[in-house]
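Visitor: I would like the atomic coordinates for the input below:
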Amino acid sequence: MADWPAGYDRQMLDAVESTMAEAARQAPTLAGPTWICARRQTAARGRRGRPWVSLAGNFAATLVLPTPDAPDRRALRSFVAALGLYDALVSVSGRVAGLALKWPNDVLLTGGKVAGILLESRGGHLAIGFGVNLAAAPGSAEVEPGAVAPVSVQSVLGVEVAPEVFLDRLAAAYARHEAQFVTYGFSPIRAAWLDRAARLGEVVTARFGTTEITGTFETVDAEGRIVLNTASSRQSIAAADIFF
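Guide: So this is what the prediction gives:
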């Protein structure tokens, strides 16, 4: 742990319901930023309460981050987290080719979903959940129809990475981007994220509730919203699922 970031605590647990649930229990008692990592989750979940399939050898962790920030600024840390994941994956694999960031909360590897992020506010804390398919990917039956198919680091790259090793790399990478965010604001984070964005300049579809909007992915604005140019207008969307 020579590169473990200063000021961050860590817990490595054998099994929990989910690291997000464990973070919710512990948050009131934590004095500073704390990584909670589990080798096994029995009831993991993803965005909007969807089940998250947690397979043996994969990575599951939540960073509990004390912050007085307002909700809109807290939400921007999904971009900080995505950049940390991107850098950690580069660190363990030695390659950049095939990696891309999918708005709002996913990391892609050769077009498949290799990692996801979940943010939840807990009073004076923000919980940032990370799930990475290190060893295995769920089957197609486990994902929403039309969603990006899951892949794993091992299946695509042939690289075996222990969750403990990945935690060290991710914590160091996240800390670098968090320091940049706190010091310089969202602008450099946004620019770095756009440099790694999947399908930028291409036609995508945003779905939220019963609404569906298709347009060219132009940019991410200063509030973190995806901007689509449609046949009739320019739309800024704060929350949606994106389909290619």
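Visitor: wait, residue 157 touches residue 93, no?
Guide: Yes. Assessed by Cβ atoms under 8 Å, residue 157 is found in contact with residue 93 at 5.1 Å. From N, CA and C alone the C-beta is placed, and that goes for glycine too.
Visitor: contact partners for residue 133?
Guide: Shown in contact with residue 133 (Cβ atoms under 8 Å, 6 or more residues apart in numbering): 55, 58, 113-115, 150-153.
Visitor: which stretches in the protein count as strands?
Guide: For the chain, the strands defined by DSSP state E cover 9-16, 34-41, 59-66, 99-102, 106-109, 112-122, 125-132, 203-208, 211-220, 226-229, 234-237, 241-243.
Visitor: residue 89 is nearest to which of those strands?
Guide: strand 99-102 (6.0 Å; Cβ to Cβ).
Visitor: what about the closest one, average pLDDT?
Guide: Mean pLDDT, strand 99-102: 98.
Visitor: name the helices or strands packed onto the lengthiest helix in the chain?
Guide: Longest helix in the chain, counting residues (DSSP state H): helix 163-184. Packing contacts for helix 163-184, counted by 3 or more Cβ pairs under 8 Å, 6 or more residues apart in numbering; DSSP states H and E, involve strand 9-16, strand 34-41, strand 59-66, helix 77-93, helix 186-195.
Visitor: now those in a markdown table, with mean neighbour count and distance to residue 27?
Guide: Formatted as a markdown table, the helices and strands packed on helix 163-184 follow (neighbours: other Cβ atoms under 10 Å; distance: least, Cβ to Cβ, whole Å):
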| stretch | mean neighbour count | distance to residue 27 |
| --- | --- | --- |
| strand 9-16 | 14 | 13 |
| strand 34-41 | 22 | 9 |
| strand 59-66 | 25 | 5 |
| helix 77-93 | 23 | 15 |
| helix 186-195 | 16 | 24 |
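Visitor: number of residues surrounding residue 31?
Guide: 7 (other Cβ atoms under 10 Å).
Visitor: now residue 79: how far from residue 239?
Guide: 14 Å (Cβ to Cβ, to the nearest Å).
Visitor: so which bits of the longest helix of the chain are buried?
Guide: Neighbour counts over helix 163-184 (16 or more other Cβ atoms under 10 Å) mark 163, 166-175, 177-178, 180-181 as buried.
Visitor: next one, pLDDT for residue 52 please.
Guide: What the model reports as pLDDT for residue 52 is 60.
Visitor: oops, could you answer that again for residue 179 instead?
Guide: If you check residue 179, the pLDDT there is 98.
Visitor: residue 146 now?
Guide: On the pLDDT scale, residue 146 gets 74.
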